[in-house]
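Enquirer: Give me a 3D structure for the following:
(one chain, ligands or ions: 3)
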Amino acid sequence: MDKQQVLKEYFGYDGFREGQEELMDAVLSSRDVLGIMPTGAGKSLCFQIPALLMEGITLVISPLISLMKDQVEALNQAGVHAAYLNSSLTPGQYRKALGLAAAGRYKLIYVAPERLVTEAFLDFALHASIAMVAVDEAHCVSQWGQDFRPSYLKIVEFVKRLPRRPVLAAFTATATKEVREDVAAILTLRDPLIRITGFDRPNLYFAVQSPKDKYGTLKQYLNLHPGESGIIYCLTRKLEEEVCVRLRSDGISAARYHAGLSDEERRRNQEDFIYDRVSVMVATNAFGMGIDKSNVRYVIHYNMPKNMESYYQEAGRAGRDGEPSDCILLYGGQDVVTNQLFIENNRDNEELGGQELALVQQRDRERLKKMTFYCFTRECLRDYILRYFGEYPASCCKNCGNCLSQFETADVTETAKGIAGCVKTSGQRYGVTVILDTIHGANTAKIRSYRLEQNPFYGCLSKVPIYRLRQVLNHLQLQGYLNVTADAYAVVKLTELSEELIRGEVQVLMKLPREEPEDKKKPEKGGKARRRRQSLAAELHAEAFTEKEEKLFEELRALRMKIAKEEHVPPYVVFSDKTLVHLCIQKPASQEELLEISGIGAFKAKKYGKRFLECMGNQA
Ligand code: ADP
Ligand code: MG
Ligand code: ZN
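Expert: Residues are numbered from 1 along each chain as shown. Ligands and ions are numbered 1, 2, ... in the order given. Coordinates of the predicted model:
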């Protein structure tokens, strides 16, 4: 078999996606690779397919148990023998799995990094023929990355001890240059083929909202998307619990996830979500790495996260199946403060010395600043994200909140002059809140102790609401008229552009959202899911997805759920929604015709074909 045949036979797909083929070819010709592709782009196949084609065993290093389990289940569903070795196995199970591995039962073995240099594992590895070591989530090896895991350093130690050096293949979705260079250097990749694919995820819709009532906004969204799978990220456990409890009392089936829950509860809740037993997951950022659930239709950030890397990774868990999905960030001023506190109190990495720690914090503050700008920009959000990751896209995507909203251009020159003037006359010594309080004319102990009530700009903008002042200040920062230092104090400073502003030589224009008219048409309930099926149907040049097909779709979905339960796997591991839609439209009548459907390989056709064919036959 060649790679094309493996793709079709085991995974049921007809073509490769961007980057996949080149990476596979390099691996197959024994060259190391570094694949940098966004979440959902299809990194797994880049090592899974070569693994099936090469002599010997492929080891896959992966940071999380859930990640391994999910991938191994999916492989076994596709008819590939694979196993995982991690702390979720009992010692007995572990020994048994190692025994089977030594007997050559598995082509792919997923291993937790900390296991690699244990005696039992080495005993196996030194006597096995290991063709490739694939490092998934490879940014975990880098201190620059947002998720450094010291145990990843064991990979190098392990490889060095092998009698024959296997091909090394590293994959990550983190694209910054530092991380990329770190990964290649630390893993000691040899003349690797480095492939960076576009970071754009065109099927994701991005939006930022700053609602007065976050919960109400969230609730409204959920009401419009009943039954769809989605994740709600909160910044703190406390909030996460609050939101989850409220949703439940409002009759929404929600599960929760944070690091403080017992392993058992976390596992159960995660499975409820993955297996579609509950549709909404309310979680902190502890949830998600390794969640390969492909039909997540929305990711809502109840708070602004700490940086763009985290945001894009978390938001990117929506729409892995390539279908339209929403990524919505609900911004609130408090989010900045909470994140700042996290940075100041960050003691995650005890190995860091004082100077290093200061450097890390400095970098974190810079990142937070860029994240805040994202929430305030009026330009295309996708454009902002891609630029952050070093890509230069066309600047209007037509699929983000900013590209699709109507803005009015407002002249904020007077407000801007007031802010800059206050910064100058108070000696560039104060943080954002103090500056805003001063021009707004607040009477606080802090203002009095700094004697700012005597500042010439004190109270000069008392009529402008604080949130607007903050928007303008952020805009000035974005435009380079002011700078906020990236140290713990976040002091507002002047820049070389400030003087022109203060002297009144420039006009500052800013886009503000046009107020929505009250009678704005409410979107149709459940409409998005239906539209998505319509658009899938259109891709197949079908007339439309009729009532009859909707009905069949529901039948097939029920059958999929039934099978998933029998096999103890998530429904999407059986077939994706897309595959079901294809079935509804093409209505295959035989095993051969089944193989024409995207997502159905020979193994699955044999295993499930009969039941699905029957189900469709009954309907016809
Ligand atoms: P990543 O690890 O890059 O985030 P995955 O490997 O989990 O992404 O793949 C995401 C989804 O894309 C999976 O459902 C996978 O089956 C699907 N996929 C990958 N490659 C292809 C392809 N060539 N054609 C169709 N679907 C694909
Ligand atoms: Mg992956
Ligand atoms: Zn846009």
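
Enquirer: how about the helices in the stretch 301-450 of the chain?
Expert: For the stretch 301-450 of the chain, the helices defined by DSSP state H, counting those that start in this stretch occupy 308-315, 333-344, 354-376, 381-388, 401-404, 413-425, 432-440, 445-449.

Enquirer: Count the residues that sit near residue 3.
Expert: Neighbourhood size, residue 3 [other CB atoms under 10 Å]: 19. Where you see a C-beta, it was placed from the backbone N, CA and C, and this is true even at glycine.

Enquirer: Pull the contacting residues for it.
Expert: 21, 24-25, 28, 49-50, 53 (CB atoms under 8 Å, 6 or more residues apart in numbering).

Enquirer: what's the spacing between it and ligand 1?
Expert: Going from residue 3 to ligand 1 by CB to the nearest ligand atom, to the nearest Å gives 11 Å.

Enquirer: do the same with residue 45
Expert: Separation of residue 45 from ligand 1 (CB to the nearest ligand atom): 5 Å.

Enquirer: how about that residue, what does it touch?
Expert: By CB under 8 Å, 6+ apart, residue 45 lies in contact with 7, 11, 20, 24.

Enquirer: Wait, the second one touches residue 78, no?
Expert: Okay, so that is residue 11. Yes: the pair residue 11 / residue 78 is scored as a contact, 6.0 Å apart, by CB atoms under 8 Å.

Enquirer: Looking at the two, which is more packed in?
Expert: residue 11 (24 against 19).

Enquirer: can you tell me how far the more buried one sits from ligand 3?
Expert: 32 Å (CB to the ion, to the nearest Å).

Enquirer: Spatially nearest residue to whichever residue of the stretch 51-200 of the chain sits closest to ligand 3, not counting backbone neighbours?
Expert: Nearest to ligand 3, among the residues of the stretch 51-200 of the chain, is residue 200, at 10.8 Å (CB to the ion). Distances taken as CB to CB, 6 or more residues apart in numbering place residue 386 nearest to residue 200, at 6.0 Å, with adjacent residues excluded.

Enquirer: count of residues packed around that neighbour?
Expert: Quick note: residue 386 (other CB under 10 Å) scores 21 neighbours.

Enquirer: swap in residue 511?
Expert: 16.

Enquirer: Sticking with it, tell me its helix or strand.
Expert: For residue 511, the host element (DSSP states H and E) is strand 509-513.

Enquirer: Give me the next element, helix or strand, following that strand.
Expert: The element immediately downstream of strand 509-513 (helix or strand, assigned by DSSP H and E) is helix 527-539.

Enquirer: near ligand 1, which residues of the stretch 201-350 of the chain show up?
Expert: Taking CB under 6 Å from any ligand atom as the contact definition, the stretch 201-350 of the chain meets ligand 1 at 292, 294, 320-321.

Enquirer: Double-check that residue 235 belongs to a strand.
Expert: No: with DSSP: H, G, I helix; E, B strand; the rest coil as the criterion, residue 235 is located in coil rather than a strand.

Enquirer: residues contacting the closest residue to it other than its chain neighbours?
Expert: The shortest distance from residue 235 to any non-neighbouring residue, by CB to CB, 6+ apart, is to residue 303 (3.8 Å). Contacts of residue 303 were listed using CB under 8 Å, 6+ apart, and they are 233-236, 239, 330, 332, 335, 338.

Enquirer: Who wins on neighbours among the residues you listed?
Expert: residue 233 (27 neighbours).

Enquirer: Please save the CA atoms from the worst-scoring helix or strand of the chain on mean pLDDT in CSV.
Expert: Lowest by mean pLDDT, DSSP states H and E among the helices and strands of the chain is helix 527-539, with a mean of 72. Below are the C-alpha coordinates for helix 527-539, written out as CSV (Å, rounded to 0.1, in the frame of the first residue of the first chain):
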residue,chain,number,x,y,z
GLY,A,527,-30.8,27.5,12.4
LYS,A,528,-27.1,27.3,12.3
ALA,A,529,-26.9,23.5,12.5
ARG,A,530,-29.5,23.3,9.7
ARG,A,531,-27.7,25.9,7.6
ARG,A,532,-24.5,23.9,8.1
ARG,A,533,-26.1,20.8,6.7
GLN,A,534,-27.4,22.8,3.8
SER,A,535,-24.0,24.1,3.0
LEU,A,536,-22.5,20.6,3.2
ALA,A,537,-25.2,19.5,0.9
ALA,A,538,-24.4,22.3,-1.5
GLU,A,539,-20.7,21.2,-1.5
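
Enquirer: other SSEs contacting that helix?
Expert: helix 547-567, helix 577-586 (3 or more CB pairs under 8 Å, 6 or more residues apart in numbering; DSSP states H and E).
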